[in-house]
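Visitor: how would this look folded up:
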Amino acid sequence: MPATTVRPMVQCNVPLPETICVVPSQPRPMPSAPCSWTDDPVTTETPIKAVHVNELRREIDSVRRQHGLQVFPWTDDPVIAWRTIIHAVHFLEMHGALQEAWTLTGRGQLPAWTCGSAPSTERVVFVSDLNDLRSWCDYPARH
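Guide: Numbering: from 1, shown residues only. Model (predicted):
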């Protein structure tokens with residue numbers, strides 16, 4: 001699979017509230033407050049890092065366990081700084097894994113990607129893709 005270049009895109013930034021992401025090892029109820037994320041929000045000045053992907057994966061797995069789903073079998077788990085190239089597949093897996101939880105809980109479909117299309121080998125991964133996934137993880141706490 002060809003590597004997907006990660007480039008920020010100004011018009012796609014979605015600011016999120018500042019919070020701290022505590023990911024417990026046991027299932028937990030839906031959050032009453034949004035998670036706190038490293039480098040929140042990611043901006044055009046912030047490179048997408050391994051910690052960003054790994055935090056999202058842990059949070060998504062926590063939501064999945066809470067609703068009786070298995071943890072997701074992530075590609076390149078964990079993403080390792082300076083060793084793992086972040087690909088579109090990492091973002092597509094997170095989207096799919098979170099969608100399963102949303103479907104199970106009756107929330108319906110995840111919103112559309114801010115940039116209009118999903119990350120792919122045809123388009124770069126934008127910082128807005130990371131912010132979208134964070135926002136969707138935090139959605140139950142805000143609504």
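Visitor: Could I get the CA-only coordinates of stretch 56-76 as CSV?
Guide: Extracted C-alpha coordinates of stretch 56-76, given in CSV (Å, rounded to 0.1, in the frame of the first residue of the first chain):
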residue,chain,number,x,y,z
LEU,A,56,-7.9,7.8,19.4
ARG,A,57,-7.6,4.0,19.1
ARG,A,58,-7.7,3.6,22.9
GLU,A,59,-10.7,5.8,23.3
ILE,A,60,-12.6,4.1,20.4
ASP,A,61,-11.7,0.7,22.0
SER,A,62,-13.0,1.9,25.3
VAL,A,63,-16.3,3.0,23.7
ARG,A,64,-16.5,-0.4,21.9
ARG,A,65,-15.9,-2.4,25.1
GLN,A,66,-18.5,-0.4,26.9
HIS,A,67,-21.1,-1.5,24.4
GLY,A,68,-20.0,-5.2,24.3
LEU,A,69,-17.9,-5.0,21.1
GLN,A,70,-14.5,-6.5,20.9
VAL,A,71,-11.4,-4.2,20.7
PHE,A,72,-10.6,-3.5,17.1
PRO,A,73,-7.7,-5.4,15.4
TRP,A,74,-5.8,-2.2,14.4
THR,A,75,-3.2,-2.2,11.6
ASP,A,76,0.3,-1.3,12.9
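Visitor: Report the buried residues of that stretch.
Guide: Across stretch 56-76, burial judged by 16 or more other CB atoms under 10 Å covers 56-66, 72, 74, 76. Using the backbone N, CA and C atoms, a C-beta is placed for each residue, glycine as well.
Visitor: do the same with stretch 106-122
Guide: Across stretch 106-122, burial judged by 16+ other CB under 10 Å covers 110, 113, 114, 115, 118, 119.
Visitor: and which of those residues is nearest residue 80?
Guide: Among the buried residues of stretch 106-122, residue 119 lies closest to residue 80 (CB to CB), at 19.7 Å.
Visitor: ok, the closest one to residue 46 distance?
Guide: 17 Å (CB to CB, to the nearest Å).
Visitor: go on, residue 75?
Guide: Taken as CB to CB, the span from residue 75 to residue 46 is 23 Å.
Visitor: Any stretches of this structure with poor pLDDT?
Guide: 1-34, 140-143 (pLDDT under 70).
Visitor: Find out how far stretch 79-88 is from the centre of the chain, if you would.
Guide: Chain-centre distance of stretch 79-88: 15 Å, with CA atoms, centre = their mean, to the nearest Å.
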